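*Asks:* Sequence and predicted model, in that order:
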Amino acid sequence: MPAIKPPATPDRDALARQGVLVRARLDADPSAYRIPVEAVEIYAISDFLSAAECERFTAMVDVTARPSAVFETVHHERYRTSYSGDVNRGDPFVAMIERRIDDLLGLDPSFGETVQGQRYTVGQEYQGHCDWFPPVAHYFASEAKMGGQRSWTTMIYLNDVEDGGATDFPNIGVTVAPRQGMLLAWNNARADGTPNPHTLHAAKPVVRGVKYVITKWYRTRPWGQMATA
């Protein structure tokens, strides 16, 4: 009987290479704290943004925020109830912060997507999801042409939340409460370059107050450009 081949994992080698690069970069950074779990590479950096920078980004989110969209069309109406929108990448302030995030991870700036801002009011949430794209998904081919698989995620909390709004990783028992200026970074792949299902995470409902965050994802190739064979 012929051997059964495992399913193909697009961009596996690139994901593994980026993992090595970013892991070494963050492990050598005294400001980066690696959360002690085995299944996911996840780091926290306190006070990555100042209070003034957070407030400036908050105003930008309010300008761009629209009802958040999802890639999949099968989720129920309460799956993602926040407001979100891409901030102006041409703004010098945004460009400066993006350069700082690029430098933190040591990744090529061209691999980074535009920063997206998100706003959650009382009761709003984003239920469990992974940031990487399932290779079997109907939208994977189009995303592959836009820069390939997502590799690393960075997320920055722009404010403290009165109650609720935590980021929960249920598969690894990690829950992070919003803290103004703190950046989270995690590898969406395992060390071997395969997508990591343990990165499943959720934005828990806000109980009191409003939650603001910005997120920047990275790809395996220059984002927005047609992939080459």
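*Replies:* The structure has been received and is ready for your questions.

*Asks:* Next one: Leu184 relative to Asp91, how far apart?
*Replies:* 23 Å (Cβ to Cβ, to the nearest Å). C-beta: built from backbone N, CA, C; applies to glycine.

*Asks:* More neighbours: which of those two?
*Replies:* Between Leu184 and Asp91, counted using other Cβ atoms under 10 Å, Leu184 has the larger neighbour count: 22 against 14.

*Asks:* Report how many residues lie close to the closest residue to Ala44 other than its chain neighbours.
*Replies:* Nearest non-adjacent residue to Ala44, counting by Cβ to Cβ, 6 or more residues apart in numbering: Tyr33, 4.9 Å away. Using other Cβ under 10 Å, Tyr33 has 13 neighbouring residues.

*Asks:* Secondary structure element holding Tyr33?
*Replies:* If you go by DSSP states H and E, Tyr33 is part of strand 32-34.

*Asks:* which parts of the helix or strand that that strand is followed by are buried?
*Replies:* Sequence order places strand 42-45 as the next helix or strand after strand 32-34, per DSSP H and E. For strand 42-45, the neighbour count (16 or more other Cβ atoms under 10 Å) marks Ile42, Tyr43, Ala44, Ile45 as buried.

*Asks:* Tell me the strands beside the strand holding Tyr33, with direction?
*Replies:* With DSSP bridges as the test, strand 32-34 is paired with strand 42-45 (antiparallel).

*Asks:* tell me the mean pLDDT over the strand it pairs with?
*Replies:* Strand 42-45 shows a mean pLDDT of 98 in the predicted model.

*Asks:* What's the end-to-end length of stretch 123-137?
*Replies:* End-to-end distance for stretch 123-137, by Cα to Cα, to the nearest Å: 29 Å.

*Asks:* Tell me which residues are up against it.
*Replies:* The contact list for stretch 123-137 (Cβ atoms under 8 Å, 6 or more residues apart in numbering) reads 7-10, 68, 70-72, 75, 78-83, 118, 120, 139-140, 143, 149-150, 153, 170, 188-189, 195-197, 199-206, 217.

*Asks:* okay, now Val115: neighbour count?
*Replies:* Per other Cβ under 10 Å, the neighbour tally for Val115 reads 24.

*Asks:* Return the distance of Phe133 relative to Ala141.
*Replies:* Distance, Phe133 to Ala141, using Cβ to Cβ: 10 Å.

*Asks:* picking that back up, from the buried residues of strand 42-45, which is closest to Leu26?
*Replies:* Closest approach between these and Leu26, by Cβ to Cβ: Tyr43, at 5.0 Å.

*Asks:* OK, contacts around that closest one?
*Replies:* Taking Cβ under 8 Å, 6+ apart, one finds Leu26, Ala32, Tyr33, Arg34, Ile35, Leu184, Ala185, Trp186 in contact with Tyr43.

*Asks:* can you tell me how far it sits from Asp27?
*Replies:* Distance from Tyr43 to Asp27, by Cβ to Cβ: 9 Å.

*Asks:* cool, and Ile42?
*Replies:* 13 Å.

*Asks:* what's the overlap in contacts for those two?
*Replies:* Going by Cβ under 8 Å, 6+ apart, residues that sit against Ile42 and also against Asp27 are Arg34.
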